[in-house]
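[1] Here is a sequence with its predicted model. Questions after.
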Amino acid sequence: MSEPRFFCADLAPGLVQLDQDQAKHALHSLRLRPGESVTLFDGCGRVAHGVLEDEPPAGRPKHRPTTATVRIERVLAVPAPSRTLTLMTAACKGDRLDWLVEKCTELDVTRIILTEFERSVVRPGKRRVVKLRRRAVEACKQCRRVWLPKIESGVPLAWALGRVEHAALLVAHPDREAPLIGHWLHSHAASNADLAVVVGPAGGISDSELEMVASADAEPVRVADNILRVETAAVSIAANWAAHALPAEHHPTIA
């Protein structure tokens, strides 16, 4: 059985303290005890194995502490992925956006830019983005990912396009003449380490926005023969991209 895994933004040899959410998960949900081994990661490529130090006092669960200390001997650094995927996607409503972030995290998406389109309906604020980042942390813990995806919101399409200048650029489009995303990835696997894909809102990308992405040299691709919801299209793109990955070679070093 693998060690329980927790997020810790400040990793260094010695004693480190988990934040309240991570400590509650360790002490209340998993009921870990002193001496048990855990794995910590900071979302920026640093990972460490440690041992839980604290002894929760006896009593009812609600009276247990919400802090936990872990002793770390050394911190390892895992290189950043050699290939990246940025999704410039419209936001979707409610739990569907949580699901999009969770599954794209599991599929190793590098960056999720919640982009504002002319026909956007959902525009997540700062508090919503904080919750989405927590969702990404939980997904990393589950899938054992070391690098957290970057999540941005409130970015106009023109600005988003300017942030991916060195990536191959695609736009999801229902045009029957456009190649399927899987076929495009198969034929370009050797030449594009960095990829960015535009996924428009439920109402579609406007003509002026299509001209904008075309002027940025974006190629249209189909995700499926049917019209998909935003979150389905985003996760399908991520799954196709993940399926075309070469075997990863991670060589951790002491940080």
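    Yep, that arrived. Residues are numbered from 1 along each chain as shown.
[2] so where do the helices sit in the stretch 151-255 of the chain?
    Per DSSP state H, counting those that start in this stretch, the stretch 151-255 of the chain carries helices over the ranges 157-162, 181-188, 207-215, 230-243.
[3] The longest one packs against which elements?
    Pointing back at helix 230-243 there. strand 84-89, helix 95-106, helix 181-188, strand 194-199 (3 or more CB pairs under 8 Å, 6 or more residues apart in numbering; DSSP states H and E). (Glycine included, C-beta is placed from N, CA and C.)
[4] Alpha carbons of the longest helix seen in the chain, as CSV, please.
    Taking DSSP state H as the criterion, the chain has its longest helix at helix 126-143. Extracted in CSV, the C-alpha atoms of helix 126-143 (Å, rounded to 0.1, in the frame of the first residue of the first chain):
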residue,chain,number,x,y,z
LYS,A,126,-11.1,34.8,-7.2
ARG,A,127,-12.9,32.8,-4.5
ARG,A,128,-14.0,30.2,-7.1
VAL,A,129,-10.5,29.9,-8.4
VAL,A,130,-9.2,29.2,-4.9
LYS,A,131,-11.6,26.3,-4.6
LEU,A,132,-10.6,25.0,-8.0
ARG,A,133,-7.0,25.0,-7.0
ARG,A,134,-7.9,23.0,-3.9
ARG,A,135,-9.7,20.6,-6.2
ALA,A,136,-6.5,20.3,-8.2
VAL,A,137,-4.5,19.6,-5.1
GLU,A,138,-6.8,16.8,-4.1
ALA,A,139,-6.6,15.3,-7.6
CYS,A,140,-2.8,15.5,-7.5
LYS,A,141,-2.9,13.6,-4.2
GLN,A,142,-5.1,10.9,-5.7
CYS,A,143,-3.2,10.4,-8.9
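[5] between that helix and helix 95-106, how big is the angle?
    Put simply, helix 126-143 runs at 40 degrees to helix 95-106, going by axes from the mean of the first three to the mean of the last three CA atoms, to 10 degrees.
[6] Are we agreed that Asp10 is in a strand?
    No - secondary structure of Asp10 (DSSP: H, G, I helix; E, B strand; the rest coil): coil, not part of a strand.
[7] Is it in contact with Val16, as I believe?
    Yes - because the distance of 6.3 Å satisfies CB atoms under 8 Å, Asp10 is recorded as touching Val16.
[8] of these two, who's got more company?
    Legend: neighbour count by other CB atoms under 10 Å for Asp10 and Val16, higher for Val16 (21 against 10).
[9] Phi, psi for the more buried one please.
    Backbone torsions of Val16, given as degrees, to the nearest 10, read phi -130, psi 150.
[10] now swap in the one 5 residues further on and tell me
    For Asp21, the backbone dihedrals are phi -60, psi -40 (criterion: degrees, to the nearest 10).
[11] still on that earlier bit, to Lys150, which of the helices of the stretch 151-255 of the chain lies closest?
    Set against Lys150 and scored by CB to CB, the helices of the stretch 151-255 of the chain come closest in helix 157-162, at 12.4 Å.
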